[in-house]
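>>> sequence? don't have it. structure:
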C-alpha cells in the first residue's frame, strides 16, 4: 500500500515519456531555428535531443507517445516576471477590490492560474499577494497552473505605493500590517523583521515599493520611498538568504537609489533616463516593464481619476524607456502586472513590445532573460537536455512574428509543463487527465 497516496490522494503519477519527432526547435540564445530535431522528455525533463536521425531517442516508447511535429515549432515555455494572481477577476474597478476578502481571492485564483497556463506561461513570478499555500498546491497537482515564484507580501512604507488607505482615513496601525497585496513597514528594525518573515513564509525573493505608483491613492509617481537605511536592511536580509530584492520604481531617482544599494531588479521603470539605463547595465540590474497594464487600465477605465492621470503619464513614456534600456545592454524581462478583469490581456504584451523591439529581443525577455532573473537559467527558458520539459508546440514561427503569441488559441497547439501535456488544442496530442 502506498501511504503517500492515502495521505495525499491528489498526488500526481510520474510524467510519462514522450518523444517529439521532426520538430523545429526555437533557440532563444542564438536566435535561430534547429530543424529536424527529435526530442525525448522523461521524468519531467528534456532527456535527449537528436538531430542526426537516430532511432535511439524512440527506444522503449509506445507509438502513441511519439508525436510527429513536422511543420510545427517547439518553443520554451514562457515566463511572466510580474503578475498578481491574488487580484483576481470578478470586480469592475480598483476600488471594488478593497472589499475583496482573502478567502474570495483564494477561491478565484485557480481560474487565473489555469488560463495563464493555457496562454503558454509555464512559470510566473508573483510580485505581491501570492501565498506559499497556492505555490505548494500547484507543485503537488491540486491546482493546475504555472510554476510559481513568490514574493509573499510586497513591503511598503507608510503612505507608500502599497498603502491603500485614502487621505481622509486617520487610522494608524501597528508595524507589519497588511494593506492589499503589501505589508506596511517603517524603519530599519521593521524592515529587517518583516523581510525575514516573508522569507520564513516561503518568499523566493523580496519585493519593495521603492517609489510612487499609479494605483496608490496618496503618493505621486516622483516620490522616492524608503530611506537608504531601510533598503540596506532589506537587501542584507535577502542577500544573507541567497536571494535578491526587486523594487517597484518608475523614476531615475528611485531606480538609482535602489540599485546603488544592491537591489537586483526594477519593476516598471517607465521614466528611466539614459544615465540611469547605463547605471543599470553597469550594475547588471534587471528591468521588467509592464506596459500592457497601462494600456488596459486606460481602455477599461479600471482606475479612479487620480490614478488614471498618473497612468497616462507613464503609458506614453514606457515604450521609449524599454527601448533605451535594451539598446544600452540592460537585461529586460517580460512582465504584465495585470489586475482584476484585465488578466485576459496577458499575451497582448507581446504586441505592445513589438512596436519598438525585434521578435528575438521580446522572446528572450520571456525565456532566457526571465530565467536568469529567477536564478533558474540552468533549468528554465531553453529547449536543452537536462532542462525542465516546459514546452510550447506552435503552428507558426515567433522569430518571424512574435505577435502570434498574442493569439494563443490559434497559435499554441499544446502546452507542456514538467513533462505533462497541460493544454492541447490538437487532436494528435492528448492532454494529461
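That came through fine. Predicted model only: the values in this text are computed from it and were never measured. Numbers count the residues shown, from 1 in each chain.
>>> Just want the phi and psi numbers for residue 82.
phi -150, psi 100 (degrees, to the nearest 10).
>>> Correct me if wrong: it contacts residue 287.
No. Between residue 82 and residue 287 there is no contact under CB atoms under 8 Å: 10.8 Å. For the C-beta atoms, the positions are set from N, CA and C on the backbone; glycine is no exception.
>>> so where does residue 175 fall, helix or strand?
For residue 175, there is no helix or strand it lies in under DSSP states H and E.
>>> Now for the chain, the helix or strand with the poorest mean pLDDT.
strand 178-179 (a mean of 65; mean pLDDT, DSSP states H and E).
>>> I'd like to know which elements the next helix or strand after that one is packed against.
Counting by DSSP H and E, the element after strand 178-179 in chain order, helix or strand, is strand 182-184. Here strand 182-184 is seen to pack against strand 154-156 when contacts are counted using 3 or more CB pairs under 8 Å, 6 or more residues apart in numbering; DSSP states H and E.
>>> Touching the strand it packs on from outside, list them.
Contact with strand 154-156 is made by 127-129, 162-163, 179, 181-185, 191, 194-195, 198, 206-209, 225, 234, 248, as judged by CB atoms under 8 Å, 6 or more residues apart in numbering.
>>> you'd agree residue 371 is up against residue 79?
Yes. With contact defined as CB under 8 Å, residue 371 reaches residue 79; the gap is 6.5 Å.
>>> Please parse this protein into its domains.
3-77+382-424, 78-374 (the TED database).
>>> will you turn those domains into CSV that also has mean neighbour count and distance to residue 430?
Listed next are these as CSV, based on neighbours: other CB atoms under 10 Å; distance: least, CB to CB, whole Å:
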stretch, mean neighbour count, distance to residue 430
domain 3-77+382-424, 18, 7
domain 78-374, 21, 16
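>>> Now render these as a markdown table, adding distance to residue 432.
Below are the domains of the chain laid out as a markdown table (distance: least, CB to CB, whole Å):
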| stretch | distance to residue 432 |
| --- | --- |
| domain 3-77+382-424 | 5 |
| domain 78-374 | 10 |
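>>> And the ones you listed, which one averages the lowest pLDDT?
Here the domains of the chain differ in mean pLDDT, and the lowest is domain 78-374 at a mean of 90.
>>> measure that domain end to end?
Distance across domain 78-374, first residue to last, is 13 Å (CA to CA, to the nearest Å).
>>> Show the subsequent helix or strand relative to the longest helix belonging to the chain.
When the chain is parsed with DSSP state H, its longest helix is helix 305-327. Once the chain leaves helix 305-327, the next helix or strand it forms, by DSSP H and E, is strand 331-332.
>>> Which elements pack onto whatever helix or strand comes next after that next one?
Following strand 331-332 in sequence order, the next helix or strand is helix 349-353 (DSSP H and E). Packing contacts for helix 349-353, counted by 3+ CB pairs under 8 Å, 6+ apart, involve helix 291-299, helix 305-327, helix 359-365.
>>> can you list those in TSV and add distance to residue 34?
Putting the helices and strands packed on helix 349-353 into TSV (distance: least, CB to CB, whole Å) gives the following:
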stretch	distance to residue 34
helix 291-299	30
helix 305-327	25
helix 359-365	14
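>>> Among these, which comes closest to residue 41?
Residue 41 sits nearest to helix 359-365 of all the helices and strands packed on helix 349-353, at 21.0 Å, using CB to CB.
>>> Any figure for the gap between residue 147 and residue 402?
Distance of residue 147 to residue 402, given as CB to CB, to the nearest Å: 22 Å.
>>> what's near enough to touch the closest residue to residue 235 other than its chain neighbours?
Nearest non-adjacent residue to residue 235, counting by CB to CB, 6 or more residues apart in numbering: residue 262, 4.1 Å away. Shown in contact with residue 262 (CB under 8 Å, 6+ apart): 232, 235, 239, 245.
>>> Which of these fall within strands?
Mapping those onto strands (DSSP state E) picks out residue 245.
>>> Dump the contacts of residue 262 to CSV, plus distance to residue 13.
Converted to CSV, the contacts of residue 262 look like this (distance: CB to CB, whole Å):
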residue, distance to residue 13
232, 48
235, 42
239, 39
245, 39
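>>> Closest one to residue 385 out of the contacts of residue 262, please.
Distances from residue 385 to the contacts of residue 262, taken by CB to CB, are shortest for residue 239, at 32.1 Å.
>>> give me the element the residue lying closest to that closest one once chain neighbours are set aside is part of.
Closest residue to residue 239 apart from its sequence neighbours, by CB to CB, 6+ apart: residue 262 at 6.9 Å. Assessed by DSSP H and E, residue 262 sits outside every helix and strand.
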